[in-house]
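>>> can't give you the sequence, but here's the structure:
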Ligand SMILES: Cc1cn([C@H]2C[C@H](O)[C@@H](COP(=O)(O)OP(=O)(O)O[C@H]3O[C@H](C)C(=O)[C@H](O)[C@H]3O)O2)c(=O)[nH]c1=O
């Protein structure tokens, strides 16, 4: 299991080892002991899966407010995504900045995004399946988000707006400056 901290170091790209042979490969996708040794005492309570039929499907930028903020461990099972995590922790030196990582079945990587980030992705291929583990249960009343194309975030989505598919909720999400900072920076980044 290779852990690569991104330029916002609390966001980590995790690449499981693949044991290849003439049949294909075997891979231990997740081990709590190795994950907790690197990240800390984080546990997952819910697994999610989404299928997006077309390339250019953009889901995000979402987060759940405290006390049920969600850490997310994301991987792409089919197709391809550009995964984006925006630091929305008040007091963070990288507040409003983001990490972007391409996740594909070929690279087999997870992206770990702790509580304190807004998360979204755009699909780069049709029939894209995303699996993600989260650290708090879904709570509709705490579900929140910021606008995917907020100019203050300078996210370079690789497709023109006209070619994107978004939910009505995502099209009308507030700008970061319009919301109360939902999280406080904590050095642990858990
Ligand atoms: C997140 C979630 C949703 N739902 C229901 C609520 C709606 O009826 C339906 C679709 O929900 P939503 O439009 O929020 O799904 P996405 O747009 O894919 O959002 C998700 O993808 C982005 C990238 C995220 O990071 C969020 O975790 C998550 O919100 O599933 C549930 O029943 N349980 C859940 O945990």
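That came through, no problem. Worth saying up front: this structure is predicted, and the values here are computed from it rather than measured. Numbers count the residues shown, from 1 in each chain.
>>> what about residue 141, which SS state?
helix (DSSP: H, G, I helix; E, B strand; the rest coil).
>>> Return the residues of the chain in contact with the ligand.
Contacts of the chain with the ligand, taken as C-beta under 6 Å from any ligand atom, map to 48, 50, 59, 60, 62, 119, 120, 121, 138, 167. No exception for glycine: its C-beta is placed from N, CA and C like everyone else's.
>>> Tabulate these (a markdown table), appending neighbour count.
As requested, the residues of the chain next to the ligand are exported to a markdown table (neighbours: other C-beta atoms under 10 Å):
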| residue | neighbour count |
| --- | --- |
| 48 | 13 |
| 50 | 13 |
| 59 | 21 |
| 60 | 23 |
| 62 | 19 |
| 119 | 23 |
| 120 | 26 |
| 121 | 29 |
| 138 | 13 |
| 167 | 13 |
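>>> mind checking the SS state of whatever residue of the chain ends up closest to the ligand?
Closest approach between the chain and the ligand, counting by C-beta to the nearest ligand atom: residue 138, at 3.2 Å. Following three-state DSSP, we place residue 138 in the coil state.
>>> Now it. Nearest residue, chain neighbours left out?
The shortest distance from residue 138 to any non-neighbouring residue, by C-beta to C-beta, 6 or more residues apart in numbering, is to residue 46 (6.6 Å).
>>> Bridging across strands, which residues link to the one you found?
Per DSSP bridges, the residues bridged to residue 46 are residue 134.
>>> next one: phi and psi at the most centrally placed residue in the chain?
Nearest to the geometric centre of the chain sits residue 119, at 4.5 Å (C-alpha atoms, centre = their mean). Reported as degrees, to the nearest 10, the phi and psi values for residue 119 are phi -120, psi 140.
>>> List the contacts of it.
60, 61, 62, 63, 72, 74, 83, 84, 85, 86, 113 (C-beta atoms under 8 Å, 6 or more residues apart in numbering).
>>> what sits against the first one?
Spelled out, that is residue 60. So residue 60 contacts 84, 118, 119, 120, 121, 145, 148, 170 (C-beta under 8 Å, 6+ apart).
>>> Same question for residue 137.
45, 46, 68.
>>> so which of these is the most crowded?
The most crowded member of the contacts of residue 137, judged by other C-beta atoms under 10 Å, is residue 68 (16 neighbours).
>>> so how many other residues sit close to the nearest residue to that one once chain neighbours are set aside?
Nearest non-adjacent residue to residue 68, counting by C-beta to C-beta, 6+ apart: residue 136, 4.2 Å away. Using other C-beta under 10 Å, residue 136 has 18 neighbouring residues.
>>> just residue 179 next, same as before
15.
>>> and what of residue 111?
26.
>>> okay, it: pLDDT?
The model reports residue 111 with a pLDDT of 98.
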